[in-house]
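Colleague: below are the sequence and a predicted model for it; my questions follow.
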Amino acid sequence: MAYDRDNVFAKILRGELKCDKVYEDEHALAFHDINPLAPVHVLVIPKGEFVSMDDFSANASPEQIAGLFRAVGEVARRLGLDGSGYRFLANTGAHGHQEVAHFHVHVFGGAPLG
Ligand code: AMP
């Protein structure tokens, strides 16, 4: 699947759409999900153009992969989730119900999760 530069997260990365930013570094951007499913629900996305976990894991550089994972941990610490715990996941492809075709990791926390 080719990367679509019109996807909503690409627009956020280009500054064409606003987001409620939590964290940013050279590799990743994190912002609150517009439709939160937990008291804390943040999305962490790589700055590179990757469609999904499949694309990212196959084609991202070691620095990009490390950067994204470090950003997930940094976001959790900044939001105070590291002590209480949290969940992260990446919906992938059709069966994973991935809606936005720019790789993203959901971070959920702030309460016991079902
Ligand atoms: P997924 O099903 O994993 O692709 O989830 C996409 C997520 O992106 C959903 O949880 C949406 O609520 C969220 N989302 C869509 N558009 C925006 C936006 N403009 N800002 C923040 N989150 C968004």
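Modeller: Perfect, thanks for sending it.

Colleague: how is the closest residue to residue 113 other than its chain neighbours assigned, secondary-structure-wise?
Modeller: The spatially closest residue to residue 113, leaving aside those adjacent along the chain, is residue 87, at 5.4 Å (Cβ to Cβ, 6 or more residues apart in numbering). All C-beta atoms are positioned from the backbone trio N, CA, C, and that covers glycine. Here residue 87 is recorded as strand under DSSP: H, G, I helix; E, B strand; the rest coil.

Colleague: just checking, residue 87 touches residue 109?
Modeller: Yes: A contact is recorded between residue 87 and residue 109 when judged using Cβ atoms under 8 Å, the distance being 7.0 Å.

Colleague: neighbour count for the two, which is higher?
Modeller: residue 109 (22 against 12; other Cβ atoms under 10 Å).

Colleague: which helices and strands does the helix or strand where residue 23 lies pack with?
Modeller: If you go by DSSP states H and E, residue 23 is part of strand 21-24. For strand 21-24, the contact count by 3 or more Cβ pairs under 8 Å, 6 or more residues apart in numbering; DSSP states H and E identifies strand 28-32, helix 62-78 as packing neighbours.
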